[in-house]
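Chemist: I would like to see how this sequence folds:
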Amino acid sequence: MSKADKFLKELYTRLDKLNPGLEQGQMDIQTFISNELKDEFLQQYKQILPSDKSIKILDIGVGNGWFASICHELGFQNIELADYGCKNKFAAIKNGLDQIIDLHDIETSLLDCLKEEKFIGKYDFIHMSHVLEHIPKYELIKLMDALNQSLVPNGTLFIRVPNLLGPVPFYYRYNTAGHEYGFVPSNLKQMCLVSNFNNIKFHEFDVPAKNITQILGGALRNMYLLNAKIKYRLFEGVMPECVKPELIISAQKI
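Modeler: Below is the predicted model of the structure:
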């Protein structure tokens, strides 16, 4: 296990202990089902997730379980979770909801975890939200290879990471002590290509404005983002695929 993995495990174990929503380190079913982020992202994932509810889904870096909660809400039947301390944190969820069929503890590193035989060629959809930026650079290619190996043919890898071309890149890079690396559209796409993924797509989702303040804020943000794209075109000769705060990308196993 690398020193970076030890640090990451220790950091997020301690952060979980500070979370008032975890009773003795465990999440209860009602907290899981009523996840606030679920409501924010539900419409996005209705556009992304396959229609077949029987597909095998693996959520890596579960956090507070918002993506798994979305999958549960949408009726998916085979959801697995992988994270540090996952078996304890989500024990009540697995015991109480039939759709959560397995929990996986990352004992050392995510790479070591995915090398286990039980993960190989198993999943139709692997989800990683704000996980890849926590991986040391020297492990990224091997990890992407392992993710590819964990998917069935034509399976989908779905990744969300901070975008260092966004409006406040230093905040994205250093807003947690656990970040190891930073991504822009070109190097994230490169990571997918060198690990035999194709059909690589960047996604941008707009949250509907609910009042006049949000409408004005959205207009100002759009003006700022257009200015950023023009800046990169003038000085770098390219128009970036995304300058929003978050990079969202999907790729299929070849």
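Chemist: how about the top strand by length along the chain as CSV, C-alpha atoms only?
Modeler: When the chain is parsed with DSSP state E, its longest strand is strand 151-162. Written as CSV, here are the backbone C-alpha positions of strand 151-162 (Å, rounded to 0.1, in the frame of the first residue of the first chain):
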residue,chain,number,x,y,z
LEU,A,151,-16.6,-4.0,-17.0
VAL,A,152,-18.4,-6.4,-19.3
PRO,A,153,-17.9,-5.7,-23.1
ASN,A,154,-19.5,-2.3,-24.0
GLY,A,155,-19.9,-1.6,-20.3
THR,A,156,-19.9,2.1,-19.3
LEU,A,157,-17.5,4.0,-17.0
PHE,A,158,-18.9,7.2,-15.7
ILE,A,159,-16.6,9.7,-14.0
ARG,A,160,-17.0,13.1,-12.3
VAL,A,161,-13.9,15.1,-11.3
PRO,A,162,-13.1,18.8,-10.6
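Chemist: name every strand pairing with it and say which way it goes.
Modeler: Under the criterion DSSP bridges, strand 151-162 sits next to strand 123-129 (parallel), strand 246-253 (antiparallel) in its sheet.
Chemist: next secondary structure after it?
Modeler: Counting by DSSP states H and E, the next helix or strand C-terminal to strand 151-162 is helix 169-174.
Chemist: about what we covered before: make TSV from the strands paired with strand 151-162 and add mean neighbour count to it.
Modeler: Where you see a C-beta, it was placed from the backbone N, CA and C, and this is true even at glycine. Output for the strands paired with strand 151-162, formatted as TSV (neighbours: other CB atoms under 10 Å):
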stretch	mean neighbour count
strand 123-129	23
strand 246-253	22
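Chemist: in stretch 221-233, which residues are buried?
Modeler: Within stretch 221-233, the residues that count as buried by 16 or more other CB atoms under 10 Å are 225, 228-229.
Chemist: swap that for stretch 186-194, please
Modeler: 188-189, 191-192.
Chemist: and those, which of them are in helices?
Modeler: Among the buried residues of stretch 186-194, DSSP state H puts 188-189, 191-192 in helices.
Chemist: and which of those is nearest to D105?
Modeler: Nearest to D105 among these: M191, at 25.4 Å, using CB to CB.
Chemist: right, and the closest one touches K137 too?
Modeler: No - the pair M191 / K137 is not scored as a contact, 10.4 Å apart, by CB atoms under 8 Å.
Chemist: distance between the ends of stretch 83-98?
Modeler: Stretch 83-98 has an end-to-end distance of 19 Å (criterion: CA to CA, to the nearest Å).
Chemist: if you count neighbours, what's buried in it?
Modeler: Going by neighbour count (16+ other CB under 10 Å), the buried part of stretch 83-98 is 83-86, 89-90, 92-94, 97.
Chemist: circling back to that earlier point, contacting residues around the longest strand of the chain?
Modeler: Applying CB atoms under 8 Å, 6 or more residues apart in numbering, the external contacts of strand 151-162 come out as 48, 50, 56, 121-133, 147-148, 172-173, 175, 179, 182-183, 188, 192, 197, 245-253.
Chemist: which SS class is V238?
Modeler: Assigned by DSSP: H, G, I helix; E, B strand; the rest coil, the conformation of V238 is coil.
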